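Student: Compute the structure for the input listed below.
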Amino acid sequence: MKRQFRIQEKYSRFVLQNLIASILLRKVSLMKVCVGSLLRNVGILLIIVFLSGNSIAQSGLPETNGAVSVKSNNENFNPQQTMGTNDYYEMAYKLYGTALRLALHNIIKGHTVVSYASLWTYFQSTDKKPNGKVWDMYSDIPGGTPPYEFTFITKQCGNYSSEGDCYNKEHSWPQSWFNELSPPVSDIFHIFPTDGKVNGMRGNWPYGNVSSPTWTSLNGSKLGPNTSPGYSGTAFEPIDAYKGDLARSSMYMSVRYYTEDAGWSTGAGTNKSDLLPWYANLLYSWSVRDTVSQKEIDRNNAIYGIQKNRNPFIDHPEFAAEIWETTMAPSVVSVKQMNTTSVLIDFSRYLDSTVTVDNQNFIFDNSIGNPSSIQWGVNNDISKILVTVPTLATGTTFSIQLKNLKSINNVAMNDTVVTFKTSGPTGINDKQEIPQRFMLQQNYPNPFNPSTVISWQLAVGSFATLKVYDVLGNEVAELVNNFLEAGNYNVEFNASLLSSGVYFYKLSVDDKSELKKLILIR
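Tutor: Have a look, this model is predicted:
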């Protein structure tokens, strides 16, 4: 019905505009126009205005400009909303690699360019804390008390000598990397209000992981030698809570200015708009561990109201892996109960449709077995699947064994097990006890050929990895790489592609790890 009213409104305005033009033309030759004809035109005009206004009132729609609704900058943007007749990201779905990067570039390019000076004003809508202060990621301590806070306008830099003196504009993609060219010099997506002193210490260094800092800010950000593989020079490491924010801002820059970087320079982490492999790996790992926050969503929406474009990696975090990690095997990001009969599983990569819809590749415990149906893709995101089963008991921890899955470009996923707990009171027959300690058990059978089962227990919910190595320390399989609730687990390891010999499997949880030996005999 809303579409009908939009069409009626659009048609009415079209007719109205043409009649006005017609009347003006006729007025030029007024001597040839009879009074009766002019009155008839005015009468038709009034009727159309009445009908147009009535159609708008009936539809309850906001005033439109063409086919796109004009909304307040404070309204939330839904990437699935109608932009004309298309989804904002419609041309990017189910692509990967260079094709996806180019498609996203074409979607977000040509944004409204704002002046560099205007950023002081825009920060007040893009980077404001709930308490009204400046949201400075280089001084903030989420969940704690920051060492200081800035008041908008009154604490703008200015000169500074110490932390807390003033805030200025931090380009997460340093200006020297693009030679201070416009429009990136004022593109708000990679510019944040941050402490002047900390910004100065960061300088033009890339982001990185710093184990032995030469300087540490009051909120724990660090400057020093990078320990990430591929680069050993100086780097700046923000606190964990904001690593994903800054990573996704750099990903945006790499896509937004793809093919528009002729005048750009090469930085420690970039070659023009391309992310160097070590930097891409670092930023991707940060984006996975620090997932999209409400702060980022709100900022994305606010900037959309200003620049009329968006950061794709906030709306669709899965795009990152499909551009920079196309050789990576899929892994499970999260498992979420949707209702009493369905579960949403989110993966780090796009999944191949053929193996994904085969219910034999999914095995539930608690006497459920294989699911009744599997939906490949949710809201055009094929890194997500919706699994349907007959029923899920309330207050119960379920395990799902995943087998034979692979990415859209045929990178095989290691068989793994994931868990989730349903909402509601615990069932009467649910007698699972929470383990008292972290423990990795010996695989069984051992020796084995070609499959064995590895079991372990967690006393608390943690991010866990379970990997298999050969005697030289080379990783040969990754069986688990996701958050697990407290409980008992097991996974089947199929070594049919490996040669006979001694291998080791290692379970790592937070700051704890345990290693055991297994033997494959052909």
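
Student: tell me which element residue 253 falls in.
Tutor: Assigned by DSSP states H and E, residue 253 belongs to helix 243-256.

Student: Quick one: residues in contact with the helix or strand just after that helix.
Tutor: Helices and strands here follow DSSP H and E; after helix 243-256, the next one along the chain is strand 270-271. Here strand 270-271 makes contact (Cβ atoms under 8 Å, 6 or more residues apart in numbering) with 173, 177, 206, 254, 276, 279. For glycine as for every other residue, the C-beta is placed from the backbone atoms N, C-alpha and C.

Student: pretty sure the second one contacts residue 273?
Tutor: Okay, so that is residue 177. No - with contact defined as Cβ atoms under 8 Å, residue 177 does not reach residue 273; the gap is 9.1 Å.

Student: List the residues that contact residue 146.
Tutor: 139, 140, 219.

Student: So which of the residues you listed is the closest to residue 169?
Tutor: Residue 169 lies nearest to residue 139 out of the contacts of residue 146, by Cβ to Cβ, at 14.8 Å.

Student: Now do the buried residues in stretch 325-333.
Tutor: Judged by neighbour count using 16 or more other Cβ atoms under 10 Å, the buried positions of stretch 325-333 are 325, 326, 328, 329, 330, 331, 332, 333.

Student: For the third one, give me its contacts.
Tutor: The contact partners of residue 328, taken as Cβ under 8 Å, 6+ apart, are 321, 348, 349, 407, 411.

Student: Restrict those to the buried ones and give me that as a ChimeraX selection.
Tutor: Buried residues among the contacts of residue 328 (16+ other Cβ under 10 Å), as a ChimeraX selection:
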select :321,348,349,407
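
Student: Helices along this structure, start to end?
Tutor: For the chain, the helices defined by DSSP state H occupy 2-28, 35-59, 98-108, 119-126, 196-202, 243-256, 277-289, 294-307, 312-315, 319-324, 353-356.

Student: which stretches of the stretch 301-450 of the chain have low pLDDT?
Tutor: Applying pLDDT under 70 to the stretch 301-450 of the chain picks out residues 424-433.

Student: sorry, back to before: can you pull the residues that touch both of residue 177 and residue 273?
Tutor: Taking Cβ under 8 Å, 6+ apart as the contact rule, residue 177 and residue 273 both touch residue 264.

Student: List the buried residues of stretch 154-162.
Tutor: Going by neighbour count (16+ other Cβ under 10 Å), the buried part of stretch 154-162 is 155, 156, 157, 160.

Student: and stretch 287-297, how far out from the chain's middle?
Tutor: Centre-to-centre, stretch 287-297 and its host chain are 7 Å apart (Cα atoms, centre = their mean, to the nearest Å).

Student: contacting residues around residue 464?
Tutor: Counting by Cβ under 8 Å, 6+ apart, residue 464 has contacts 458, 480, 481, 482, 483, 484, 507, 508, 509.

Student: For those residues, give me CSV that also has neighbour count, pLDDT and distance to residue 394.
Tutor: Shown next, in CSV, are the contacts of residue 464 (neighbours: other Cβ atoms under 10 Å; pLDDT from 0 to 100; distance: Cβ to Cβ, whole Å):
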residue, neighbour count, pLDDT, distance to residue 394
458, 23, 88, 22
480, 23, 85, 26
481, 20, 81, 29
482, 19, 77, 23
483, 14, 79, 21
484, 23, 80, 20
507, 23, 94, 30
508, 18, 92, 32
509, 21, 90, 28
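
Student: which ones are touching the residue positioned nearest the centre of the chain?
Tutor: Nearest to the mean C-alpha position of the chain, by Cα atoms, centre = their mean, lies residue 317 at 2.4 Å. Going by Cβ under 8 Å, 6+ apart, residue 317 touches 248, 287, 291, 292.

Student: now residue 215
Tutor: Contacts for residue 215 (Cβ under 8 Å, 6+ apart) come out as 201, 222, 223, 224.

Student: now do 6 Å
Tutor: 201, 223 (Cβ atoms under 6 Å, 6 or more residues apart in numbering).

Student: repeat for residue 217
Tutor: For residue 217, counting by Cβ under 6 Å, 6+ apart, the contacting residues are residue 198.

Student: Tell me how far residue 222 lies from residue 293.
Tutor: Counting by Cβ to Cβ, to the nearest Å, the gap from residue 222 to residue 293 is 21 Å.

Student: Closest to residue 468 out of the buried residues of stretch 325-333?
Tutor: Within those, the smallest distance to residue 468 is 13.1 Å, found for residue 329 (Cβ to Cβ).

Student: Tell me where the model's unsure across the stretch 1-150 of the chain.
Tutor: 1-86.

Student: try 90 this time
Tutor: For the stretch 1-150 of the chain, applying pLDDT under 90 flags the ranges 1-87.

Student: what residues go with each domain of the protein?
Tutor: Under the assignment automatic domain parsing, the domains of the chain span 2-69, 90-322, 329-432, 433-522.

Student: For the contacts of strand 270-271, could you give me JSON lines that also reports distance to residue 445 and pLDDT?
Tutor: Shown next, in JSON lines, are these (distance: Cβ to Cβ, whole Å; pLDDT from 0 to 100):
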{"residue": "173", "distance to residue 445": "53", "pLDDT": "98"}
{"residue": "177", "distance to residue 445": "55", "pLDDT": "98"}
{"residue": "206", "distance to residue 445": "48", "pLDDT": "98"}
{"residue": "254", "distance to residue 445": "48", "pLDDT": "98"}
{"residue": "276", "distance to residue 445": "45", "pLDDT": "98"}
{"residue": "279", "distance to residue 445": "44", "pLDDT": "98"}
